[in-house]
Structures are given as C-alpha cells and as structure tokens.
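Colleague: got a structure for you, letters missing:
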C-alpha cells in the first residue's frame with residue numbers, strides 16, 4: 001500500500017518541524033507535503049534548502065490562513081496530484097515513531113474506515129473509545145463547548161459503529177475514498193473546531209467511521225494551551241488561552257453546537273450554565289478581558305450560524 005504524509009506549519013516553528021520532517025524522510029512515505037502557512041520567505045527558503053528530496057513537496061501562503069484555510073489548501077492540492085491510497089495528516093509538532101510506516105503497512109482498512117492514532121497528550125479520544133461513547137470528543141447533540149448538563153444518556157451515536165464521531169487533523173489517516181469526496185475544511189472557521197467539523201462531516205454525510213488506534217503513538221512536542229490549565233475550581237480550558245485562541249474556539253464551537261443541536265432549548269440551557277461558570281471563573285481570577293472576548297465570541301457564533309443557515 002502507498003502512504004503519503006502531510007503537515008501544516010506556520011510562523012517560525014522549526015524547532016518542532018525539523019524533528020517531525022526528519023523522522024518522516026527516514027521512512028518510505030510516497031510523498032511528504034509541507035504547507036508553509038504564513039511563514040517568512042527566509043524560513044520557506046531555509047526549508048527548501050534543507051530538504052531537497054524528490055518526494056518532499058513544499059506549498060506556500062504568504063499570509064496565515066489559520067488551520068482551516070491551511071488544511072483546505074493542503075488537502076485541495078493533494079486531492080489534485082497525489083495517487084497514494086492513504087494520507088497521514090500531522091500537526092507540525094507531531095512526532096511519529098521510527099516504525100510508523102512499517103506499522104501502517106500492517107493495517108487492514110475497510111473502505112468506510114478512517115483512523116486516528118493515539119496522541120497520549122490527548123486523553124479524550126482514548127476515553128471515548130474505552131467508554132464506548134464516540135460523541136465524547138465532540139459532545140452530545142445539544143452540548144455547548146462539549147458540555148451537556150441536561151442529557152442523562154449519550155444520544156449522538158446509537159447507530160454508529162465507529163470509535164470517534166470526530167478527530168483532530170494531527171494523527172488522522174484519510175483514505176483515497178475520503179479524499180475523493182472532495183470535501184474540505186470550512187475556511188471561514190479560520191482556527192479551532194474546523195478539524196472536528198470536517199471529520200464529523202465525513203461521518204455524518206458520507207458514512208465513514210473513525211477508528212481509534214494505539215498501533216503506534218504520536219508524541220506532541222508542544223503542549224496545547226487548553227492542556228495547561230490548573231486543577232483548581234477557578235481554572236478552565238481557556239485559562240491560558242490568548243485572545244485569539246479564546247475568541248475563535250468559543251465562536252466556532254458555538255456555531256458548531258448550534259448546527260448540531262436537536263433541541264435549541266437544551267442547547268441554550270447548556271450554554272447558560274456553562275457560560276455562567278466560565279464567566280465567574282474569569283471574574284474571580286481577574287481575567288476581565290476574557291469576559292469581554294468570551295461574550296463577543298458567543299454572540300458572533302450566533303451571527304455566524306444565522307449567516308451560514310441563510311446561505312444554505
């Protein structure tokens with residue numbers, strides 16, 4: 001079987017990207033794609049000079065298109081030119097093991113299957129698999145920011161035989177069949193939730209299932225901001241987020257929650273409870289700017305949902 005790999009990088013993250021690419025070029029991937037998303041011309045030239053192997057393809061955007069726009073351009077290019085049967089997507093800090101390619105060759109993948117390989121820093125997908133709750137990664141039908149205070153039982157996946165209802169880009173194995181759907185991430189999301197929306201669309205619209213696998217582990221060389229939260233009652237997933245991270249994560253997840261919700265009343269109740277908790281935490285920790293950003297993000301999420309609904 002032929003496997004290609006692809007990653008998206010931005011800014012100056014060579015300290016992470018170099019180990020990731022070094023590990024990939026040591027193995028037998030058919031092609032390796034690197035989308036340079038808003039990097040400086042100097043860094044782009046440095047990458048091209050360092051990696052001159054025939055199977056490495058560099059793509060370039062002079063402006064940062066966010067993860068949504070970056071993966072949109074990356075996947076669009078790969079759909080047009082690549083003939084591999086499978087594509088392994090990685091973030092630019094996702095270090096695969098030395099045996100990654102050989103282990104991929106041992107897989108017996110069905111036509112309707114996508115795979116997500118375990119990243120130990122991301123506990124939720126493994127928990128979803130172990131608990132038999134595929135919706136845990138994205139939330140139940142009426143959840144707000146993944147939280148549902150008014151649904152006693154799982155209600156999103158009663159007829160679903162996969163392990164996950166959605167998955168991050170990093171660690172995702174896409175089949176040629178999935179790429180042939182021509183579905184792409186939603187560029188308007190810019191940053192955050194675009195990976196879950198994209199993969200969940202492949203599940204709900206095209207009938208793919210996402211399998212969780214520990215065939216090999218992927219190491220995250222950098223810890224995400226939402227994994228750095230403290231353990232006190234005054235801490236939440238946005239405690240260490242900057243304004244950009246807070247805004248787009250809350251706005252996009254508000255939109256996605258509204259789109260997935262089967263009961264707007266339950267969604268609004270979940271939003272009210274969750275928002276009250278978050279806002280009190282921000283207030284008590286004197287993160288007053290976060291209060292303003294959070295409220296605007298929720299408001300803009302509703303506006304985005306209305307515009308998106310009207311356009312469809």
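Modeller: Sure, I can see it. On a predicted model such as this, the values are computed, not experimentally measured, just so you know.
Colleague: Tell me where the stretch 201-312 of the chain is predicted with low confidence.
Modeller: Across the stretch 201-312 of the chain, the ranges flagged by pLDDT under 70 are 225-232.
Colleague: Could you list every helix and strand in contact with whichever strand or helix holds residue 89?
Modeller: Counting by DSSP states H and E, the element that carries residue 89 is strand 86-91. Counting contacts by 3 or more C-beta pairs under 8 Å, 6 or more residues apart in numbering; DSSP states H and E, strand 86-91 is packed against strand 3-10, helix 100-104, strand 172-175, helix 176-179. In this view, the C-beta of every residue, glycine as well, is placed from N, C-alpha and C.
Colleague: Go through those and pick out the most buried.
Modeller: strand 3-10 (a mean of 24; mean count of other C-beta atoms under 10 Å).
Colleague: Would you give the sheet partners of it, along with the direction of each?
Modeller: strand 32-37 (parallel), strand 86-91 (parallel) (DSSP bridges).
Colleague: and the first one, how far from the chain's centre?
Modeller: Distance of strand 32-37 from the chain centroid (C-alpha atoms, centre = their mean, to the nearest Å) equals 16 Å.
Colleague: How about the last one?
Modeller: Relative to its parent chain, strand 86-91 has a centroid offset of 12 Å by C-alpha atoms, centre = their mean.
Colleague: Could you list the residues in contact with it?
Modeller: Here strand 86-91 makes contact (C-beta atoms under 8 Å, 6 or more residues apart in numbering) with 1-8, 20, 29, 71, 78, 96, 100, 104, 109, 168-176, 179, 218, 220.
Colleague: How about the first one?
Modeller: By C-beta under 8 Å, 6+ apart, the residues outside strand 32-37 that reach it are 4-10, 17, 21, 24-25, 43-44, 47, 51, 53, 55-61, 64-66, 69-71, 73-74, 77-78, 82.
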